[in-house]
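Chemist: Sequence and predicted structure below; questions after.
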Amino acid sequence: MPLFTDYDRYDAVGLAELVRTRQVTPADLAETAISRIESRNPSLNAVTHRLFDAALARARDVDRLKGQHRELVKEL
């Protein structure tokens, strides 16, 4: 999956709005954040507990639940 290249242009509220309007998925944002951490952390040593698999799983859960919600609304 391609990384979200405009990540630097948004704060948390802006990223949430992009997710809400389905311009980007939570999994896209998680993958981008993980990639950025992996590229910068060796020199910074800021992230000591790498829970990347858990973060991706949660992001994919949100994607899945949003899809289920969309289908439920269509049925109503």
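Modeler: Cool, the structure landed. Numbers count the residues shown, from 1 in each chain.

Chemist: counting contacts, what elements does the helix-or-strand element of the chain with minimal mean pLDDT pack onto?
Modeler: In the chain, the helix or strand scored least confidently by mean pLDDT, DSSP states H and E is helix 52-75, which has a mean of 80. Of the remaining helices and strands, those touching helix 52-75 by 3 or more CB pairs under 8 Å, 6 or more residues apart in numbering; DSSP states H and E are helix 26-44. C-beta: built from backbone N, CA, C; applies to glycine.

Chemist: Need the contact partners of the helix it packs on.
Modeler: 1-4, 7, 15, 19, 46-47, 50, 52, 55-56, 58-60, 62-63 (CB atoms under 8 Å, 6 or more residues apart in numbering).

Chemist: go on, stretch 5-13?
Modeler: Leu15, Leu18, Leu29, Thr32, Ala33, Arg36.

Chemist: Just the buried ones from the residues you listed, in PyMOL syntax?
Modeler: To isolate the buried members of the contacts of stretch 5-13 in PyMOL, using 16 or more other CB atoms under 10 Å:
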select buried, resi 15+18+29+32+33
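
Chemist: Tell me which two in the contacts of stretch 5-13 are the farthest apart.
Modeler: Leu18 and Arg36 (16.4 Å; CB to CB).

Chemist: burial measure for Asp11, as a count.
Modeler: Neighbour count for Asp11, taken as other CB atoms under 10 Å: 8.

Chemist: how much space between it and Val62?
Modeler: Distance of Asp11 to Val62, given as CB to CB, to the nearest Å: 19 Å.

Chemist: Ok, Gln23 next?
Modeler: With CB to CB as the criterion, Gln23 and Val62 are 15 Å apart.

Chemist: Then Arg9?
Modeler: 22 Å.

Chemist: and those two? which has more neighbours close in?
Modeler: It is Val62, of Arg9 and Val62, that has more neighbours when counted by other CB under 10 Å, with 14 against 9.

Chemist: Excluding sequence neighbours, find me the nearest residue to that one.
Modeler: Pro26 (4.4 Å; CB to CB, 6 or more residues apart in numbering).
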